[in-house]
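Engineer: Got a predicted structure here, sequence first:
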Amino acid sequence: MTAGASHIRSFVPRRGRMTPTQSDALSRLADRYVLPMPAGTLDLAAAFSARMPVVLDVGFGLGEATAAMAAAEPTTAVLAVEVHTPGIGQLLHLVERGGITNVRILQADAIDILDHHLPPASLAGIRIWFPDPWPKVRHHKRRLVRVDVIELLVDRLADGGVLHLATDWRHYALQMRDLLDACPQLASRAVEPGGFVRRPDWRPETRFERFAAIKGHSVHDLLYERVRRHPVPDGDDA
């Protein structure tokens, strides 16, 4: 079963006010960096005009971390998905300012993109950093990281692909960890008890983390690797 069969949106559509900088970047740069919604399977090589490993960045907010990671990894294609227009405008501004060429943007529900427009084993990585925690118990069903969504994420990851989650809500972190640990197609990269990892040096600090620190929240990172679908025979190269 795909997540789309019972998809509950993990976000609330809202119309944020755009700054002049965001509006200007959107008007000038959207044709170059924002992809049209595909009718079928997205041709990633055509979208990036090159064959590179592709990382899916889900819900990038205002794009600071996305731009920083893309600049640091110019040989990795970053497919950034966000529903809110001001964030897209801001990321476009950052992309232009940084001379970044390896980012493409889709304004869409990431689950729809995963479910209907990305083929199996097509992604080298998936990043879901600080998704809406929906802290009230009656809203937990809206959380993005659920069993059906994990199945979808795992299917779209290539062998050895990395799923990287982060949240500052401990209850959500524990829920994520337990669900991911229960998935046989994923192997945790955690080396310390508890299943979490320290923020890798290569993951930029986000504004959500800065807000979390002000609120006294600790940030929890989870790193999992997609187990090989077809194990390599002994004596063969990995």
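Structural biologist: That came through, no problem.
Engineer: Run a quick neighbour tally on residue 20.
Structural biologist: Residues lying near residue 20 (other C-beta atoms under 10 Å) number 8. In short, each C-beta sits where N, CA and C put it, glycine included.
Engineer: Now the phi/psi pair for residue 107, please.
Structural biologist: phi -90, psi 100 (degrees, to the nearest 10).
Engineer: by contact count, what packs against the helix or strand containing residue 104?
Structural biologist: Counting by DSSP states H and E, the element that carries residue 104 is strand 103-107. In terms of contacts (3 or more C-beta pairs under 8 Å, 6 or more residues apart in numbering; DSSP states H and E), strand 103-107 is packed against helix 20-33, helix 64-72, strand 77-82, helix 85-98.
Engineer: Dump the shortest one to PDB, keeping only the CA atoms.
Structural biologist: Right, strand 77-82. Taking C-alpha atoms only, strand 77-82 is exported to PDB below (Å, rounded to 0.1, in the frame of the first residue of the first chain):
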ATOM      1  CA  ALA A  77      21.600  17.100  -6.800                       C
ATOM      2  CA  VAL A  78      19.200  18.500  -4.300                       C
ATOM      3  CA  LEU A  79      15.500  18.100  -5.000                       C
ATOM      4  CA  ALA A  80      13.900  20.500  -2.500                       C
ATOM      5  CA  VAL A  81      10.200  20.200  -1.900                       C
ATOM      6  CA  GLU A  82       8.100  22.800  -0.100                       C
END
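Engineer: Pairing partners for it, with directions?
Structural biologist: strand 54-58 (parallel), strand 103-107 (parallel) (DSSP bridges).
Engineer: which residues touch the last one?
Structural biologist: The set of residues that contact strand 103-107 without belonging to it, under C-beta atoms under 8 Å, 6 or more residues apart in numbering, is 33-35, 37, 47-48, 66-67, 70, 77-83, 85, 88, 91-92, 95, 113.
Engineer: Quick one: name whatever helix or strand follows it.
Structural biologist: helix 110-117.
Engineer: Take the helix or strand just after that next one, keep the C-alpha atoms, and write them as CSV.
Structural biologist: Scanning forward in sequence from helix 110-117 by DSSP H and E, the next helix or strand is strand 123-129. C-alpha atoms of strand 123-129 as CSV (Å, rounded to 0.1, in the frame of the first residue of the first chain):
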residue,chain,number,x,y,z
LEU,A,123,17.3,8.7,-4.1
ALA,A,124,20.7,8.7,-2.5
GLY,A,125,19.3,10.4,0.5
ILE,A,126,16.2,11.9,2.1
ARG,A,127,16.3,14.7,4.7
ILE,A,128,13.4,15.6,6.9
TRP,A,129,14.5,18.2,9.3
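Engineer: Would you mind checking the average pLDDT for strand 123-129?
Structural biologist: For strand 123-129, the mean pLDDT works out to 97.
Engineer: Return the distance of it from the chain's centre.
Structural biologist: Distance of strand 123-129 from the chain centroid (C-alpha atoms, centre = their mean, to the nearest Å) equals 4 Å.
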